[in-house]
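Participant: Got a predicted structure plus its sequence, pasted below:
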Amino acid sequence: MPRLSADKQAESTAPRGQEHYWAVMVGLDRSGEFTGRMVLGKTNTTKTTLYEYMRRLVKAGFLKVTREEKINGPIARKYYRIAKRSRFAPRIAKDGKVFPPPKRDHMWRAMRMNGEFTAATLMVWASTDEVDIKLDDSKDYIKHLYKAGYLKLIGKVHNTYKYRLIKNTGPLPPQVQKIKQVWDPNEKKVMKPKEEKS
């Protein structure tokens, strides 16, 4: 079965994805211990997919097993607590290696922090020792967010365009999908491109 795009998942009321799993765990952790089954009950993914992600979180130190409860012979129910906080869902390889946030996470955060920027200044502000933002990365993300109505063109600086963020919908970066539409995970909807002036 082909994987649904983010907007189609929302349309089918199927909350899933690592950001959703992590948000559910953070919410459950506020009340104490939680189990994989409790997380699974608040999403619409498969047990295999969720438990694999939780296994990686344990391996990377973001989750800890607080206790195990025998339920059927050798089978035990594990209880968890969050051991290391993260604003965004940790991205973790099978071996427990933690990947840095995607480039667009960095660029969106820089836009929200600074408000006004050019492609060049955004490239500099969003780059870190772990994540190297290229000028083409910056221009491409700006182009899509501008078309979707997040940015306003406010002028030119040294022959380069300057923009202002006018639609700050939340901490999660808008996603440019393969079909070039922008999906906003904060508002859980596709942001329609603004109409071009004739």
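Facilitator: Received it, and whenever you're ready, just let me know what you need.

Participant: going forward, measure contacts between C-alpha atoms and count neighbours the same way
Facilitator: Noted.

Participant: Now do the helix or strand where A120 lies: which elements does it pack against?
Facilitator: Using DSSP states H and E, the element containing A120 is helix 119-126. Applying 3 or more CA pairs under 8 Å, 6 or more residues apart in numbering; DSSP states H and E, we find helix 119-126 packed against helix 103-114, helix 135-147, strand 160-165.

Participant: switch to 10 Å and redo it
Facilitator: helix 103-114, strand 116-118, helix 135-147, strand 160-165 (3 or more CA pairs under 10 Å, 6 or more residues apart in numbering; DSSP states H and E).

Participant: now the angle from the last one to helix 119-126?
Facilitator: What it means is strand 160-165. Per axes from the mean of the first three to the mean of the last three CA atoms, to 10 degrees, the angle that strand 160-165 makes with helix 119-126 is 60 degrees.

Participant: Okay, now the sheet partners of whichever helix or strand comes after strand 160-165, with direction.
Facilitator: Downstream of strand 160-165, the next assigned helix or strand under DSSP H and E is strand 175-176. Paired strands of strand 175-176, with direction, are strand 182-184 (antiparallel) (DSSP bridges).

Participant: Give the pairing partners of whichever helix or strand comes after the strand it pairs with; include direction for each.
Facilitator: Using DSSP H and E, the helix or strand that follows strand 182-184 in sequence is strand 189-191. Applying DSSP bridges, strand 189-191 is found paired with strand 182-184 (antiparallel).

Participant: What are the contacting residues of the strand it pairs with?
Facilitator: 5-7, 144-145, 147-148, 169-170, 172-177, 189-193 (CA atoms under 10 Å, 6 or more residues apart in numbering).

Participant: If any of these are buried, give me the PyMOL selection for them.
Facilitator: To isolate the buried subset of the contacts of strand 182-184 in PyMOL, counting by 16 or more other CA atoms under 10 Å, use the following:
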select buried, resi 6+7+144+145+147+148+172+173+174+175+176+190+191
